[in-house]
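Q: Show me how the following folds:
(one chain, ligands or ions: 1)
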Amino acid sequence: MASPPNDTNDRRYRRHRDQLVDTLRSRGIRDERVLTAVRRVPRHLFVDPALRDRAYEDEALPIGLNQTISQPFTVAYQTSLLEVEPDDRILEVGTGSGYQAAVLCELGARVFSIERHEDLLGRSRSLLDELGYDVRTRHGDGSKGWPAFAPYDGIVVTAGAPEIPGPLLRQLREPPRAKASGGRLVIPIGGSGGQTMTRITRTGTGPHDYAREEFHSFRFVPLVSEEDDAD
Ligand code: SAM
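A: Residues are numbered from 1 along each chain as shown. As a prediction, the model looks like this:
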């Protein structure tokens, strides 16, 4: 990994990260590998310098263009549901600040990430490079997935979707053998009033071979597809 910027390992921020991990644990995050990843990623570098002192509060923060860096609890929650193993191929829809992508890298995943706002992607791309996180990124509509690198062991959508985009289901890895499970899609489903965190697991090779589980409610910025943009 490349040398981090000077204040990455600032003792004060490390202490704040430890406190954040304690908060996440008290809120029910149990996956120690996820908590370790959160402890390692310098979230203060993923937010506007004016907001750095708030970077380790368990809050979503603005990143410009009416978008947000997700609340750490939400990042940890979605990442736990993905059940990432080292070397898994993970597609993220909604790069935003790049923070979630960095957490996935810390888990040893091969990370692919798509963002519809070119300016945001430019910024997160530079930061991820500077910090030595190896993330392949693309500017575009992530609801279409990224077929060139499919299939994925996991897909995480970090914006609220009114319904499940079909291409993402098709790009999940098929189960390697009978009774094993395949790729997992973690996606908040619902409208602007709130979404239900939903996990879809591929269970076979057929078009209906998917299992659906629903979890807690969240409130995300909307997933905006190219068709919405054209309106
Ligand atoms: N994962 C991000 C992070 O760690 O900072 C949080 C992202 S923010 C909650 C959601 C992001 O999804 C925004 O940056 C938004 O521009 C992006 N987005 C919304 N619709 C999209 C789409 N169809 N394709 C790609 N990105 C999209």
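
Q: Residues contacting the host helix or strand of Ala76, please?
A: Under the criterion DSSP states H and E, the helix or strand holding Ala76 is helix 72-82. Counting contacts by CB atoms under 8 Å, 6 or more residues apart in numbering, the residues outside helix 72-82 that touch it are 20, 23-24, 27, 29-31, 34-35, 37-38, 43, 56, 58, 60, 70, 90, 99-100, 103-104, 107, 154, 156, 158, 184, 186, 197, 199, 215-216, 218. C-beta: built from backbone N, CA, C; applies to glycine.

Q: Excluding covalently adjacent residues, which one is nearest to Asp134?
A: Closest residue in space to Asp134, ignoring its immediate chain neighbours: Cys105 at 6.6 Å, by CB to CB, 6 or more residues apart in numbering.

Q: ugh, typo on my part, it should be Tyr133
A: Take Tyr133 and drop its neighbours on the chain: the residue closest to it by CB to CB, 6+ apart is Cys105, 4.5 Å away.

Q: Kindly report the same for Pro188.
A: Across the structure, with CB to CB, 6+ apart as the measure, the residue nearest Pro188 apart from its sequence neighbours is Gln195 (3.6 Å).

Q: What residues sit buried inside stretch 102-115?
A: By neighbour count, and taking 16 or more other CB atoms under 10 Å as the criterion, the buried residues in stretch 102-115 are 102-107, 109-115.

Q: What segments of this structure are helices?
A: Counting by DSSP state H, residue ranges of the helices within the chain are 11-26, 32-40, 72-82, 99-106, 118-131, 166-170, 226-230.

Q: As TSV, these with distance to the ligand and mean pLDDT would be great.
A: What follows is the helices of the chain, written out as TSV (distance: least, CB to the nearest ligand atom, whole Å; pLDDT from 0 to 100):
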stretch	distance to the ligand	mean pLDDT
helix 11-26	15	95
helix 32-40	12	98
helix 72-82	6	98
helix 99-106	3	98
helix 118-131	5	98
helix 166-170	11	98
helix 226-230	7	74
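
Q: right, so those helices: which one is the most enclosed?
A: Counting by mean count of other CB atoms under 10 Å, helix 99-106 has the highest mean neighbour count of the helices of the chain, with a mean of 26.

Q: Mind giving me the packing neighbours of it?
A: Packed against helix 99-106, as judged by 3 or more CB pairs under 8 Å, 6 or more residues apart in numbering; DSSP states H and E, are the following elements: helix 32-40, helix 72-82, strand 89-93, strand 110-115, helix 118-131, strand 135-139.

Q: could those go into JSON lines alongside distance to Glu163?
A: Rendered in JSON lines, the data for the helices and strands packed on helix 99-106 read as follows (distance: least, CB to CB, whole Å):
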{"stretch": "helix 32-40", "distance to Glu163": "27"}
{"stretch": "helix 72-82", "distance to Glu163": "18"}
{"stretch": "strand 89-93", "distance to Glu163": "14"}
{"stretch": "strand 110-115", "distance to Glu163": "18"}
{"stretch": "helix 118-131", "distance to Glu163": "24"}
{"stretch": "strand 135-139", "distance to Glu163": "22"}
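
Q: List the single closest residue to the spatially most central residue of the chain in space, sequence neighbours excluded.
A: Relative to the mean C-alpha position of the chain, the nearest C-alpha, by CA atoms, centre = their mean, is the one of Gln100, at 4.2 Å. Excluding the flanking residues, the one nearest Gln100 by CB to CB, 6+ apart is Val75, at 5.3 Å.

Q: what residue ranges in the protein score low on pLDDT?
A: Along the chain, the model assigns pLDDT under 70 to residues 1-9, 229-231.
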